[in-house]
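Engineer: What follows is a predicted protein model with its sequence.
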Amino acid sequence: MIEIFLAFIGSICPGVIYNVEKRNLMWVGYCGMLGWIAYRAFNEITGSLVLASFFGAVVVGIYSESVARLLKAPATVFSVPGIIPLVPGIAAYNTIQHIAENELYEAASKGIETMSGAGAIAFGILLASAVFRLSKKLKKKPNPT
């Protein structure tokens with residue numbers, strides 16, 4: 001439960017730094033919280049940090065696009081602070097620590113994990129955004145009847 005609360009706070013704080021409107025700050029917090037819940041759930045199911053990061057980012061992307069349409073705000077207002085709890089910061093720190101200690105095998109392993117997690121987050125947000133944009137485009141197309 002504490003992790004969920006910290007994910008909520010961990011999304012609101014970057015929202016404040018990025019000057020998100022006050023009326024949207026709670027929604028930003030919910031975004032990070034839902035992404036973290038999805039991340040933890042998929043991590044327990046799959047045991048893979050990369051897959052969990054991907055599914056957490058997809059949840060953040062879907063939530064961001066949906067709330068952006070409801071509140072008439074850009075989706076990036078919600079998605080950028082919403083992915084902050086998912087960012088593999090400790091893995092990046094461990095990579096640098098292993099390099100400093102000249103443990104190159106461990107550094108390479110952690111570095112690959114870090115880059116994979118970051119790529120999975122980017123791809124998850126991209127996928128959700130692309131699906132929403134495609135559905136919007138299909139709705140605009142007139143029916144040829």
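Structural biologist: Thanks, I have it. The structure displayed is predicted, hence computed values, not measured ones. Numbering: from 1, shown residues only.
Engineer: What are the neighbouring residues in contact with the residue nearest the centre of the chain?
Structural biologist: In the chain, the residue lying closest to the centroid (C-alpha atoms, centre = their mean) is Ile83, at 3.0 Å. Going by C-beta atoms under 8 Å, 6 or more residues apart in numbering, Ile83 touches Gly32, Gly35, Ala57, Val60, Ile121, Ile125. All C-beta atoms are positioned from the backbone trio N, CA, C, and that covers glycine.
Engineer: What about these, which are in helices?
Structural biologist: Within the contacts of Ile83, residues falling in helices by DSSP state H are Gly32, Gly35, Ala57, Val60, Ile121, Ile125.
Engineer: by contact count, what packs against the helix or strand encompassing Ile12?
Structural biologist: For Ile12, the host element (DSSP states H and E) is helix 2-17. Helices and strands touching helix 2-17, as assessed by 3 or more C-beta pairs under 8 Å, 6 or more residues apart in numbering; DSSP states H and E, comprise helix 22-46, helix 76-82.
Engineer: Now that helix: buried residues?
Structural biologist: The neighbour-count check on helix 2-17 (16 or more other C-beta atoms under 10 Å) flags Ala7, Phe8, Gly10, Ser11, Ile12, Cys13, Pro14, Gly15 as buried.
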